[in-house]
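1. model this:
(2 chains)
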Amino acid sequence: MRFRTCTSPHLIPGHSVGGVMRQVLYALVPGTLAMTWFFGWGVLVNVSLAILFSVLFEALMVAARGRPVLATLGDSSAILAGWLFALAIPPLAPVWVLLIGTAFAIVVAKHLYGGLGYNPFNPAMVGYVVVLVSFPRELSLWPSPEGLTNASLSFLQTLQTTLTGRLPDGMEWDAITRASPLDMMRESIVSGQTVTEVTRSPLFGSFSQTEWEWAGNLFLLGGLWLLYRRVISWHIPVSMLLTLATVAGIFWVIDPDYFASPAFHVFSGAAIIGAFFIATDPVSAATTPTGRILFGAGIGLLIYVIRTWGGYPDAVAFAVLLMNMVAPTLDHYTRPRIFGHSRDGHG
Amino acid sequence: MQLHRFHGGLKLPDHKAESTVHPLLTMGVPKYLYVPLSQHIGAPTEPLVQPGDHVFKGQRISQAKDYICAHVHAPTSGRIKDIVDHPIPHPSCLSAPCIVIESDAHDQWGDTRLPAWPDWRERDARSLRERVRAAGIVGMGGAAFPTAAKLNPRAGKRIHTLVVNGAECEPYISCDDILMRTYPEAMLEGARIVAHILGAERVLFAVEDNKPEALRALTDARRAEEADFIRLVSIPSIYPTGGERQLIQVLTGREVPSTGLPADLGIVCQNTGTLKAIRDAVLHGRPLISRIVTVTGPGIREPRNVEALIGTTFADLVAAAGGYAPGVDRLVMGGPMMGFAIGDDAVPVIKGSNCLLATRVQDTPAPGPVMPCIRCGECTRVCPANLLPQQLYWFAKGKDFDSVQDYGLFDCIECGCCAHVCPSNIPLVQYYRFAKQEIWGREKERQKADLARERFEFRQLRQEREEREKAERLARKKAALARKDTDPDRKTAIDGAIERARAKKSAQSNEEAPPADRERADS
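-> Okay, here's the model as predicted:
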C-alpha cells in the first residue's frame, strides 16, 4: 500500500498566526468597552472605521503584490493594527485622520517593507505618529466624560461628527473636551503648580484621571489574560512598566512637587496598553529573552524622558518606534548561551 | 535523587495507553525477509552470501568492514533468494540493496551460533565488546549507532556512570515500556553487563513517570543489595527528555560539551532495547535479528507491540495488529515528532525501527499554508538546546551558512519542538537539515578542492625543485670544467695530446695518396 509523505512533526499544530492575532483582539475588548463607556460612541466608531480601512488597504496591497488575498486577511493582523491605531485617536477625530493614519500604517509601514513579518516598525504606531505630528489640533481634542454626559452625543451624532468633522449644532469643542491627565500635568507644572495640586483636583482618582485609570485597568486585565494564555511573554511588559516606575520613582523621591508619582506615570496615557499590546508586537520587537527585557526597559525609559522633558505629553509611540530601530542590534548582542557551550559562546 | 531541568521542551499528549493494552506479541516467520545491508550509522556492510546459498538462523550474512559499522545476520534459516534494491525505511523513499531470504519454515540455528557466556563476569571488557560487535548490535532507540564503538570510549576517559535511557519521550511509542514490563530481569542483567564492560560504578536507570508499570516491574526485579549500584529514577515526562544530552542534564545537572561526548563527563548512555540485545548476545550468543516495534496510531485497528524479525515488512506488522483502520492516510516510522513519513508499506523492519505510526487525515491534516515568521519567540521558549530557531531559520533561508553556524546550527538535535509550536507552519527542522547538508556538502567540496590544490602545489614545487636541481647540476659541471681548464698538469697533457694529434695528422696526409688515385688503385 502506498502513502503520501510529508515532513515531521506528525501532530496537529497547536497555534496559528490568525489564532494568535485573534486572541490579542479578544483581549482588547474589555478596555475598548471601558473607553466607549467613558468617551462615548466615538471610540467604537473609530475602531470600526479604522478596521474597515485597514482591511481594505491590506486587501489592496496584497492584491497588488500578487499574494492570495483571503488567506492573508485570515491572519487578522490588519484588524489588530487598525484597532490599536483607533484607540490612540481622539474619539471625535474626523474620518480623514483615520484614513491617512491607516494608509500609512498598512501601506507604508507594513506592505512597502514586505508585509507581515518583515516590517521593522510597529505599523499602528507609525500611522499614529504621522497623524500626530501632522494634525496636532485634531489629535488633542479628547472629550471629557462629563462634557459628553451633558451634551449626550448619540451614536448617529457621533458618526456625523466623525464623517463631517463638525460638531452638531449648538455644541462647542471647548465644552466637551478637556486636557488628558498627561496634558494637564504638563501644563500645570509649566505654569508653576505642584504635582499635588494637580492630583488633588476632583477629576483625579487614585493615581490619574478616573476614566483613564479604569480603561487602563481593563487593558491590564486583557494583558494579563494574554500572559496567562502565553500569547505574549512577560519580558517586555514587566521590564517596560518596571523601568518607567523606577525612573519616575527616583525623580519623584528627589522632588515630589515637580515630578509626578510612578503610579501616575504607569496609569496615565498609553503606558498600560503600550506595555501589553503595542510594545509586544513580536515582529518589530526584540526576540531574544534578554533582548526583550532591554527592549522593554528602553521603552520605559524613553517614555519618561519624552513625557518629562520632551515636546509631547505622551511618548509610547515614539518610544516604541525608537526602540524598534535597535531591536536587531539587541538581538545580536543578547543571544542566549547555547546548551553545551561555555559562557563566552565557545564549545 | 535530585533531578534537574533542561531548557524548553514540550508537554505532549502521550498516546501510549493505546498500544499497551495488549501484551507483547511475538510474530511468526514471514515467507520473505528483506534485510538491508545498511541499517546503522556508518559504512554499509559487504554481503558474505550469494543468491541460492542456504543460511542458518543467526548466520552472519553481511560483514562490517569498518569500525563504525555493524554485521548483519540472517533472521531465520532459508535460501538467499536475491540481493536486490528494495524500498527501505528512509525519508527519501528510495530503494537500497537488501538480502532477500526465502524462509524454509524450520527456523534452524545450525552450528553457527556464538557460544553462550553465562560466566560473562569472568571475561574482560575487550572480549565482551568483541561479542557485541559480532552480534551486530546498534543503538535501538532509533539512531542505530554501532554499540561496540560506543562501549569503547576514547583512551583516558574513565567511565563512572552508565545511564540507561528508558525515557521514551515521544508520543505513541511504547516498545521500551513493554520491553521493561515484559523482561525486567533481562534489562537489569544487560545493565550489569554493560557496566562491567565500561567499568562503571553506578547505573542510573531513567524511566519517564508516565510508565509506572515498567518502573514497578524493574523495582521488583532488582536485587535488594543492588539498590545503590542500580538506581531506578522516575523522571518527569517532558519531550525531549529522552535525548541523550537532555537526559544527562536531567539526571546530573551537567551539560555535555557542544563538541564533546557524554564520555567527557564519564558517562555512557544506552537505550533499554540495546541492553536487552547485549544481554541476549552475551548470555545466549544470539545476534541482533529481531526487535520490538510499536504498531500504533488511529490508523491501526488494534494498536500493540510486536516482536518481529528484522526484515519483516511493515505490511506484515500492520496485519498482525489487525490491519489498517478506515481512512488511514499517513505512515510514519518513528514517533510523530522526529519520525519520517514513508511512502510504501513494503519497507522492512530494521534494527532502529522502534515504532510504526499510522494516522488518518483528521489526526494529521496537511499543514496549512506557510506564513511569514512573526518572531513570536515560541520556538525560543521550547528549544531544548537553547537556540534561537527563528534566527536560524532566517539565516538558513537566506543561505547565510556562516551566520547559521555562528548561531549554533550544529547544536540543533532536530527534536521538532520549534516546528510543532510555530504558528506560521514553517517546517523549521527541514530548513536546518537543508543547511546542515549544504554545509557538509561544501565542506566536502572544500576538502576536495584543498586536496587538488595541494596536489597541484606539490607538483609545481616538485617541478621547480627539479628545474633547480638540473640547473645546479649544470652549474656544477661547468664549474668543474672551468676548474679543469685552469689545471696546469691537465693543460700540458691536453696540449701534448693536441700536439700529438697534429703530428699524426700531418704524417697521415704525407703518406696518403690523393683519394682519386686510391679509388683507382682499389678497383
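2. Tell me both backbone torsions, phi and psi, for B:Ser95.
-> Main-chain torsions, B:Ser95, degrees, to the nearest 10: phi -100, psi 160.
3. Repeat that for the one 5 residues further on.
-> The phi/psi pair for B:Val100 (degrees, to the nearest 10) reads phi -100, psi 120.
4. same question, the one 3 residues further on
-> Note on B:Ser103: backbone dihedrals following degrees, to the nearest 10 are phi -70, psi 140.
5. again with B:Asn305
-> Given degrees, to the nearest 10, the pair of backbone angles that B:Asn305 has is phi -100, psi 130.
6. near chain B, which residues of the stretch 101-250 of chain A show up?
-> Within the stretch 101-250 of chain A, the positions adjacent to chain B are A:115-118, A:233 by C-beta under 8 Å from any C-beta of the partner chain. In this view, the C-beta of every residue, glycine as well, is placed from N, C-alpha and C.
7. Could you point out which of those is nearest to chain B?
-> Sorting these by distance to chain B puts A:Gly117 at the head of the list, at 3.0 Å, by C-beta to the nearest C-beta.
8. My read is that the closest one contacts B:Cys373, right?
-> Yes: at 5.4 Å, A:Gly117 and B:Cys373 qualify as touching, with contact defined as C-beta atoms under 8 Å.
9. What is the three-state secondary structure of B:Ala148?
-> Three-state call for B:Ala148 (DSSP: H, G, I helix; E, B strand; the rest coil): helix.
10. show me what contacts the closest residue to it other than its chain neighbours?
-> The spatially closest residue to B:Ala148, leaving aside those adjacent along the chain, is B:Arg133, at 3.7 Å (C-beta to C-beta, 6 or more residues apart in numbering or on different chains). Each residue near B:Arg133 by C-beta atoms under 8 Å, 6 or more residues apart in numbering or on different chains is listed here: B:64, B:70-71, B:146, B:148.
11. element containing B:Arg133?
-> If you go by DSSP states H and E, B:Arg133 is part of helix B:125-134.
12. can you pull the buried residues of that helix?
-> B:128-129, B:131-134 (16 or more other C-beta atoms under 10 Å in any protein chain shown).
13. Backbone torsions only: list them for B:Asp82.
-> phi -170, psi 160.
14. Correct me if wrong: it contacts B:Pro51.
-> Yes: under the criterion of C-beta under 8 Å, B:Asp82 makes contact with B:Pro51 at 5.1 Å.
15. pLDDT weak spots in the stretch 151-300 of chain A?
-> A:151-152, A:175, A:201-208 (pLDDT under 70).
16. how far is stretch A:295-312 from where the chain is centred?
-> How far stretch A:295-312 lies from its chain's middle: 15 Å, per C-alpha atoms, centre = their mean, to the nearest Å.
17. Can you tell me the closest non-neighbouring residue to the residue of the stretch 401-523 of chain B found nearest chain A?
-> At 3.8 Å from chain A, B:Pro423 is the closest residue in the stretch 401-523 of chain B, using C-beta to the nearest C-beta. Computed as C-beta to C-beta, 6+ apart, the closest residue to B:Pro423 that is not its neighbour in sequence is A:His15, at 3.8 Å.
18. where's that neighbour, which helix or strand?
-> Here A:His15 is assigned to no helix or strand, by DSSP H and E.
19. Let me see the mean pLDDT of the helix or strand B:Leu162 falls within.
-> For B:Leu162, the enclosing helix or strand under DSSP H and E is strand B:161-166. Throughout strand B:161-166, pLDDT has a mean value of 95.
20. neighbouring contacts of it?
-> B:141, B:176, B:180, B:187, B:191, B:194-195, B:198, B:200-208, B:211, B:214, B:242, B:244, B:247-248, B:251-252, B:262, B:266-272, B:275.
21. C-terminal to that strand, what's the next element?
-> With elements assigned by DSSP H and E, the helix or strand that comes after strand B:161-166 is helix B:175-182.
22. Show me which residues of that next one are buried.
-> B:175-182.
23. Looking at the residues you listed, which one is closest to A:Thr329?
-> B:Asp176 (46.9 Å; C-beta to C-beta).
24. pretty sure that closest one contacts B:Gly273?
-> Yes: using C-beta under 8 Å, B:Asp176 makes contact with B:Gly273 at a distance of 6.2 Å.
25. so what sits against both of the two?
-> With C-beta under 8 Å, 6+ apart as the test, B:Asp176 and B:Gly273 both reach B:141, B:354.
26. Sweet, I'm off.
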